[in-house]
Structure formats: C-alpha cells, structure tokens
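Participant: Give me coordinates for this.
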Amino acid sequence: MIKSTFIRQVNNFKRVVPLTFTLITGIFGSTPAQAIQFNFTYTQNTSQEVVGGFLAAGDIWSSKIGNTFLDPSCSCNKDTTVNIHIDFTQLGNSKGLGATRPTMLRVNYQKFLNSSFKSITSIDDLTTFKSLQIAQSNKEYFLQSLGVDLQENTYEENFNILQQQGFNINSILDNVAANSNNIITAQAQDIFKQLNLTQLQNLNRDLVEFDSSTFNMRIEDHNTVNVDKRDQVDMVEILDAETIIDQNGNDNNKKIWLTRANAKALKLINGDDTKSDAEILLSNSMFDANGEIISYADWLTQNPEGNFLEDTIWDFSRVNDPNAEVASNKFDFLSVALHEIGHALGVVSGVDAFNSLKMQAETNSTTLLEEDIALVSSMDLLRFSEESKQNGVFDWSSSGQTFLSIDGGQTKLADFADGNSYQTSHWSENGGINGSPLGIMHPVLGKGEKLNITDLDLRLLDVLGYTKADEEVNLWLQGSAEQLSQNLSTASLQQTAKIFSLLDSVSEEQKEAWETRLIQAVMDMRDVNEETARNHINNLKEFITNILVHFDFNHDYGSLWNNNQWNFFLSYNSWGSSSGGFNFWQEMDTANEGEASQSSATDENDIEDAYSMFFDQEYQAKTTPEPNTIAGLGILGIFGWLHRRYRKNLIQ
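Facilitator: Predicted structure coming up:
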C-alpha cells in the first residue's frame, strides 16, 4: 500500500540519498524485466478509471509471473509482451461482469511437447511434463540425450553412464536377457520419471525432440460427435452409454488449442509479436435510483447529468490501494480486471467450447465432426477425474467431478467448475475451506467482495509455461555470474528486493555462495574491484530496506524504477493513445465474434488460427445463481459459424 504521504517522503528521500539512487539506476538498469509486460489499448472515450484499473492489474500480474524470449537482433532476452484490447461496454450476458475472448491458436501435440520441455524451469513444470502422454519410443530416444548409445555401447557402459548421473537402474529384470541393452530400454519409462531439475539443467534440451503425436481422453455426451472407428475397441473404448475413452488418433487427439499469450510463453510465437492476444469486455452497467442494475444507455436517459463514479456498479478503490475495502453495494473492479487477464494468459478450457458446440448441434439436429472439437487446451491436459485417472487419461468433460492435477491425477490440487453453473475455465464455485474462493479465477463475484491472485493461480500459470517471480529470481542466483549480470542489468525494483530477501532466508553456506556470485556479477557490470562492488551492494540493500517502508511489494510499482523518474503516479493519469486504440479495435473487429478465419491459415511453423470464444465472470446474486449463460456474446459467434457451415453443407 502506498501511504498518503508517500510522494512527499519519496521526494525528501531522493534529496537525502541522491548518490545511492544514481548508483541503483546505474547498476540495475532502467526498466523492469523478466516479467510479463502488457500493452493495453482501449476503445475511444474509455474512462480514466478503467484505464488506471487495467494498468494496475497489469502491474500486479507482472509482479507475479515472468516470461522472456530471445531477441535475435541483440542475442539477448527480452520481456514477453501481451497485447490486450479493452472495451468498456454493455455485455450480452445480463449477469456478466466481464468477458475475455483470447485469440486462439492450434498447434500439433508434438510441437507443444517440444516447446514445453524447453520451457521447464521449476519442479512443478518437470512434474507436469513427466505426467503428459508421451510415447515409449520417445522415452527411449530421450536416453540418447543422457549419453546412452544403444547401438555402440555395451550394457555395462550405458549402465555406468546412467548411474554416474544419479539414475537408479535395476540390473536384473524378469524375462529380459542379462547384461543386454534391453534392460536399459525396458526401464526407459522409469528413467524418464526419475529425471530431476538438476539433471535436466545439464541437458542440451535443443537436442531433445519428442515426436509423440497423439493423446487419449475421457469424453462425455459423445453421441453429438461423429466419432471415427467407434466400433474398434482399440480406438474407442465405450465406458457407458454417454462416456468413451477417445484414442483413435484423429484431429481432436493430436492438436492443442491455446491462447496466443500462452503460445508466447512457450516460445511458439515471438514474445514481441504485435498482433492482438485478447480482447476484454467489462460491463458498463449502472445503478438506478433504486439500486437496480441497468444499462449505461438507460442510465444516461434517466440521468443525463448523473455522476458516473457514484452510479457505476464498480468500486475502483483497490486500483490505488490493493488492500482497500470494497463498498458493500458495488463490485470490485480490480478483481475482475485481474480475473479476465488470467483468461488471456491461458486459463481456458476447450470443454466450454465443446459444450457450446454440442448445444448448437442438438438445436440443429446435426452431428459434430471430430475436427470441429479439436479444442483441447493446454490446461485441459491437467484436468482429471477419478474415472479418467483409472484409465490413465485426462478428463475432457463437464461432469462436475474434474480437478487440477500435475502428476497424472494422483494428487488433486483443486476442483474445477462443473461447466453447468459456471464455465469449466474456472476454479470450482464451491471454493476451498469454508467455501472461500480458491483464487482469482473464481467464477463469480459478489458485491463488496474482492479476489486476489493466490499461489494456486500462480502454480497453474507456472506449469502452463510462465515463471513465478520468486522462482525466477532464485534461478538467477543459481546460474553463473555472467548470467546474473545480464539479469541484474534489467531487474525490476521488486526483483531486486527479492534477491536480498532470498539471501536472508537461506543457510549461511548458500548465502556465501550466492553473495560471491552477486559480487562478481556487479564487478563485471561496473568494471570495479571487489571492495567497491561490496559497497555498491550494501548501499543498495540499505536503500531497498528504507523504500520497503513505503511500498506494498505485493504490487509492482515498476515505473518508479525508471530512469531516475519516480513517475508511477503520472503514468496512471496518462491516457496512452486512445485514437490508436480505436483504430486497433477497428482492425480487430473485421472478423465475426468467436469465428476463426475460414481459411484456417497455418503459418510456416505449423501454427494455425483457431476458434475463439468468450470466457466470462458473473456477479453473485443474493439468490441462487442462474445457470451459466455460456458466455453470451462469444457463443453467438461460434453458433453463427456452425450454422453457416451446416447451411453450406445442405446447399451442396
């Protein structure tokens, strides 16, 4: 929280320690880095409160997760930028507070696996990857990256290579010839499962290629889909009248549907690509004189001279102070802005799209093709139920029994929404202990309530390809002094504070090793001797300690750390380019809602445009919530596409 006297104190502080401040900007760069950056554009005449609200929400996400890409122009890492257009407008869903339509892409499963493997930075990442469906042949090929040569090396040589790297190998197996490399290949699965983060960091992951091309899944309500090879047990296992294990290897078994932002995180597309990554709609509904929610147009008619801030359904208090309370008769703007950005980053489920398509198919008495439902998202690979776990597959249904698991269903981390009351692209509306929301991706918000990003939210995004901020700084200190120098040169204020926090929280032995590396990094950066580097670091630590008195580091006020210009407050009063935002919106809106390019264009990297839809958050009424309207506007777009496709087929 920024205290009321903060600006005056900061200015006084700058006069007292000008040398230290100059030192900081000289050592640790000018702009926050190693964090997700957001480029927000807005429709014309968007209110300043909405603009400020999204800037604050973007800063908070940037303080929590990071992602970089390699810029070939400088052979250096730069922050990934997510481009989001904001429209403050009337929603089609009368109970909706906000809705996000991420721009969606589809990529072959094997490309997804290769990118995911190269993006592993945490234990959770590695656990998740090892739980994915990967062919046995790939695991045998993986042995080669460990130095195993099944053709030229003897069994003893391969056995020693693996043991020296810390792998446990059984030397005798039933029904396998003794002292043969068959003993090694028979344990490829177990060796792969043993892989730890230290061993992984010693691998050249660019040399590892996974060519697994398909995955299997549990599907319900499959009768609306023309499932190929339904009569072949090895292709389609029928569990009951409504449920199957789909393992026939068709389009919906070999493509991953993901947001453009998620694709950037996995390095599938460039992190500085300027195309739109998502659009977010926020309700502009107002309260009438009786406290009832009405449209903005009706409010203008009733109150042509009305006060927007008094009558809007939104409370903007937390935009400037995340710890502020929310008015009991209003909805917290920051909670919804954070929530919708979460969808843009990748918290989406193709089950929601499947449910929508099924409704339309049933209405039109038509049948979906498997290519229509090639909509398994990266998050869906981590969706399990007790039944799907027993079958060794993920659960692609809205059964109401699905949960997040990063170890193949063995451990339940949290329940997903059931897809009936609320979309499955959310945590369960039932919450956790005592019914408290599980995180920012809670599907509903009541008046006076506020949501915050939790470790569960961050854990999910971490395994989807992003890096949690704490883990990122930890990795800096574990790397070489040269790598640390590069990271420090663009470190944010918050990341710098976390470095000192980590140094104070580890053992003396670990602290000494990390401090030695930090000193060497500063010596290299500043071309100074060891004593001067130590003084620089001590002065910086003292400065950080003092500045923490005035900051809430749950919020990343990154622009304060910018070219010695403490301009956070000014940046929040800036409008950006509203005209540019309007032009950008016009370009975005050339396609119908929810509809991919009919050409389904595929680029040279085999990444294709895919169908998109709205993922929404509703407000909590005092009575029982109404059934999910399935995202209103976005579903109309998908319905329109289906109607045109089937009408075209009838004409032909």
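Participant: What's the first helix or strand after the longest strand belonging to the chain?
Facilitator: The single longest strand within the chain, with elements called by DSSP state E, is strand 81-89. With elements assigned by DSSP states H and E, the helix or strand that comes after strand 81-89 is strand 96-102.
Participant: then the longest strand of the chain to PDB, C-alphas only?
Facilitator: The C-alpha coordinates for strand 81-89 follow below in PDB (Å, rounded to 0.1, in the frame of the first residue of the first chain):
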ATOM      1  CA  THR A  81       4.500  -8.600 -24.200                       C
ATOM      2  CA  VAL A  82       0.800  -9.500 -24.100                       C
ATOM      3  CA  ASN A  83      -1.400  -7.200 -26.300                       C
ATOM      4  CA  ILE A  84      -4.900  -6.800 -24.900                       C
ATOM      5  CA  HIS A  85      -7.700  -4.600 -26.100                       C
ATOM      6  CA  ILE A  86     -10.200  -3.300 -23.500                       C
ATOM      7  CA  ASP A  87     -13.800  -2.400 -24.300                       C
ATOM      8  CA  PHE A  88     -16.000  -0.900 -21.500                       C
ATOM      9  CA  THR A  89     -19.400  -1.800 -22.900                       C
END
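Participant: Within its sheet, name the partner strands of that strand and how each one runs.
Facilitator: Here strand 81-89 has these sheet partners by DSSP bridges: strand 37-42 (parallel), strand 278-283 (parallel).
Participant: so how far is the first one off the chain centroid?
Facilitator: This points to strand 37-42. Offset of strand 37-42 from its chain centre (CA atoms, centre = their mean, to the nearest Å): 16 Å.
Participant: List every C-alpha atom in it, with coordinates, as CSV.
Facilitator: Output in CSV follows, covering the C-alpha atoms of strand 37-42 (Å, rounded to 0.1, in the frame of the first residue of the first chain):
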residue,chain,number,x,y,z
GLN,A,37,4.6,-6.8,-19.9
PHE,A,38,1.1,-5.7,-21.0
ASN,A,39,0.2,-3.5,-23.9
PHE,A,40,-3.3,-2.3,-23.3
THR,A,41,-5.3,-0.5,-25.9
TYR,A,42,-8.8,1.0,-25.3
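Participant: so can I have a markdown table of the strands paired with strand 81-89 showing mean pLDDT and distance to residue 265?
Facilitator: Using the backbone N, CA and C atoms, a C-beta is placed for each residue, glycine as well. Shown next, in a markdown table, are the strands paired with strand 81-89 (pLDDT from 0 to 100; distance: least, CB to CB, whole Å):
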| stretch | mean pLDDT | distance to residue 265 |
| --- | --- | --- |
| strand 37-42 | 96 | 13 |
| strand 278-283 | 93 | 13 |
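Participant: Please identify which of these is closest to residue 168.
Facilitator: Judged by CB to CB, the one of those that comes nearest to residue 168 is strand 37-42, at 43.4 Å.
Participant: Identify each buried residue in the very next helix or strand once past the closest one, please.
Facilitator: Per DSSP H and E, the first helix or strand lying C-terminal to strand 37-42 is helix 48-64. By 16 or more other CB atoms under 10 Å, the buried positions in helix 48-64 come out as 50-64.
Participant: quick one: which of those is nearest to residue 285?
Facilitator: Closest to residue 285, out of all of those and judged by CB to CB, is residue 50, at 13.2 Å.
Participant: now the helices: where do they sit in the stretch 51-200 of the chain?
Facilitator: 109-118, 123-131, 136-145, 155-164, 182-186, 188-194, 197-201 (DSSP state H, counting those that start in this stretch).
Participant: Switch these over to JSON lines; also include mean neighbour count.
Facilitator: JSON lines is the format used below for the helices of the stretch 51-200 of the chain (neighbours: other CB atoms under 10 Å):
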{"stretch": "helix 109-118", "mean neighbour count": "20"}
{"stretch": "helix 123-131", "mean neighbour count": "19"}
{"stretch": "helix 136-145", "mean neighbour count": "16"}
{"stretch": "helix 155-164", "mean neighbour count": "15"}
{"stretch": "helix 182-186", "mean neighbour count": "18"}
{"stretch": "helix 188-194", "mean neighbour count": "16"}
{"stretch": "helix 197-201", "mean neighbour count": "14"}
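Participant: what's the closest of those helices to residue 252?
Facilitator: Per CB to CB, nearest to residue 252 of these: helix 109-118, 10.8 Å.
Participant: what angle do the closest one and helix 123-131 make?
Facilitator: Here helix 109-118 points in a direction 150 degrees away from that of helix 123-131 (axes from the mean of the first three to the mean of the last three CA atoms, to 10 degrees).
Participant: Alpha carbons only: can I get helix 109-118 in PDB?
Facilitator: Taking Å, rounded to 0.1, in the frame of the first residue of the first chain, the C-alpha atoms of helix 109-118 are listed here in PDB:
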ATOM      1  CA  TYR A 109       0.800 -32.000 -29.900                       C
ATOM      2  CA  GLN A 110       4.500 -32.900 -30.700                       C
ATOM      3  CA  LYS A 111       5.400 -29.200 -31.200                       C
ATOM      4  CA  PHE A 112       3.600 -28.400 -27.900                       C
ATOM      5  CA  LEU A 113       5.600 -31.200 -26.100                       C
ATOM      6  CA  ASN A 114       9.000 -29.900 -27.500                       C
ATOM      7  CA  SER A 115       8.300 -26.300 -26.500                       C
ATOM      8  CA  SER A 116       7.000 -27.300 -23.100                       C
ATOM      9  CA  PHE A 117      10.100 -29.400 -22.400                       C
ATOM     10  CA  LYS A 118      12.400 -26.500 -23.300                       C
END
